[in-house]
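Peer 1: fold the following for me, if possible:
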Amino acid sequence: MQTYHLTQWLLFFFVYSFIGWIWESCYVSVRKRHWVNRGFLHGPMLPIYGSGALVILISTIGVRENPWLIFLFGMIAATVLEYITGAVMERLFHVRYWDYSRQKLNLNGYICVSSSLCWGVFSVLLVRVIHVPVERAVLDIPIFVTDCAALVLTVIMSVDLTQSFNEAMDLKRVLVQLEESKEQIKKMQEKLKTASDELIADYKMRSEKLMEEYRARAEEAAEKSRSRKAAYLEWIDMKRAQRQLQLEELAERVESLVKEELPAKADSLIGEKRREELAELKKTIAAEFHRMSSRTDRSYLHIASQLKRNPTAASGKFADILEELKKSLDNLK
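Peer 2: Prediction:
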């Protein structure tokens, strides 16, 4: 068994991360019928494949002559790695960057039998076929050059990883804020469920007008061959305006109640409690306006970048919000 220097192991990691990126990008692009730069990172690397390859190579060191044991050991090692990575990433970002929930015999959506079997087949191909020329090529490189190449690639990946991590955290933050905002507005609407028919009709009319204006802008963008980025930001602006309309309608209803309802109850305990409740609602509405303005276009562009590279991403906690964001990108293709 050939022993490797640390930087040679690093080169193996980068090589198999690149090969994994080629495979995943081509596979997903064929399924989606358009090019997809697949992966968590911006660059042409999928670390899960690089890590998987190293885990397989290490776990099969003592069984290289037996393909069945290579299949078994490699399958188990890679499956454990895939489960741990998927669970940690969802815990950290509230998003599954791969999801096997619809596959038969899956475990929490992180792994499934078909994926594990593929890892087993890949293990045999890796050890018996792919790694032979890769190993020869890496070992033929002078160790000084190997050290320099590993250092440069590590720095590049670290920068990419930092940027991609920040984008993923932006996605998490916006998902949390949008879900909280939706629930907060729902609660306020329930407290003010006696809203007049005139206010409801006015909101519907203004919301429909917004949708018409957005469709007109989208058509104009198509005619002028504007970028998908501009069209996506227009969609975001439209959703912001819709949310702002909801908040404005709630604010108007609160003011209406203050003027119409409270004077009749000014001397009663019920009136005092109602006044405090409405004052709290006004503070909540103002806070929602502030939170909405904090969600910048830059944050949404970071989200778009992540979702374009991971079109199968899913979230158990924020499923509806995430699907709406993904749909907005699909509609711009």
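
Peer 1: only C-alpha atoms for contact and neighbour calcs from this point on.
Peer 2: OK.

Peer 1: count the neighbours of the residue lying closest to Lys326 once chain neighbours are set aside for me.
Peer 2: With sequence-adjacent residues excluded and distances taken as CA to CA, 6 or more residues apart in numbering, Lys326 is closest to Leu307, at 6.7 Å. Using other CA atoms under 10 Å, Leu307 has 23 other residues around it.

Peer 1: can you check Cys148 too?
Peer 2: Neighbours around Cys148, by other CA under 10 Å: 12.

Peer 1: quick one on the thing from earlier: is it true that the residue nearest to Lys326 touches Leu322?
Peer 2: No - using CA atoms under 8 Å, Leu307 is not in contact with Leu322; the gap is 9.2 Å.

Peer 1: in the protein, which spans are strands?
Peer 2: 106-107, 111-112 (DSSP state E).

Peer 1: who does the last one pair up with?
Peer 2: On the basis of DSSP bridges, the sheet neighbours of strand 111-112 come out as strand 106-107 (antiparallel).

Peer 1: for the lengthiest helix in the chain, packing partners?
Peer 2: The helix that spans the most residues within the chain, counting by DSSP state H, is helix 143-191. The contact analysis (3 or more CA pairs under 8 Å, 6 or more residues apart in numbering; DSSP states H and E) places helix 143-191 against helix 6-32, helix 67-93, helix 228-260, helix 269-294, helix 297-309, helix 319-330.

Peer 1: now do the longest one, average pLDDT.
Peer 2: Think helix 228-260. Confidence for helix 228-260, expressed as mean pLDDT, is 60.

Peer 1: residues contacting Ser59?
Peer 2: Phe73, Gly74, Ala77 (CA atoms under 8 Å, 6 or more residues apart in numbering).

Peer 1: now the phi/psi pair for Cys105, please.
Peer 2: To be clear, residue 105 is Leu; Cys isn't right here. phi 50, psi 50 (degrees, to the nearest 10).

Peer 1: is it correct that it is in contact with Ser116?
Peer 2: No - using CA under 8 Å, Leu105 makes no contact with Ser116, being 10.7 Å away.

Peer 1: which one's more surrounded, the two?
Peer 2: Ser116 (21 against 13).

Peer 1: contact partners for that one?
Peer 2: Met75, Ile76, Ala78, Thr79.

Peer 1: any regions of the protein where pLDDT drops low?
Peer 2: Within the chain, the ranges that satisfy pLDDT under 70 run 1-2, 184-300, 328-333.

Peer 1: go with 50
Peer 2: Low-confidence segments of the chain (pLDDT under 50): 194-199, 203, 222, 224-225, 262, 265-270.

Peer 1: so how far is Val174 from the closest residue to His302 other than its chain neighbours?
Peer 2: Leaving aside its sequence neighbours, His302 sits nearest to Glu167 (CA to CA, 6+ apart; 5.0 Å). To Val174, Glu167 is 11 Å away according to CA to CA, to the nearest Å.

Peer 1: equivalent analysis for Met157, please.
Peer 2: Taken as CA to CA, the span from Met157 to Val174 is 25 Å.

Peer 1: same question for Val155.
Peer 2: Distance from Val155 to Val174, by CA to CA: 29 Å.

Peer 1: more neighbours, the two?
Peer 2: A count of neighbours by other CA under 10 Å puts Val174 above the other of Val155 and Val174, at 21 against 12.
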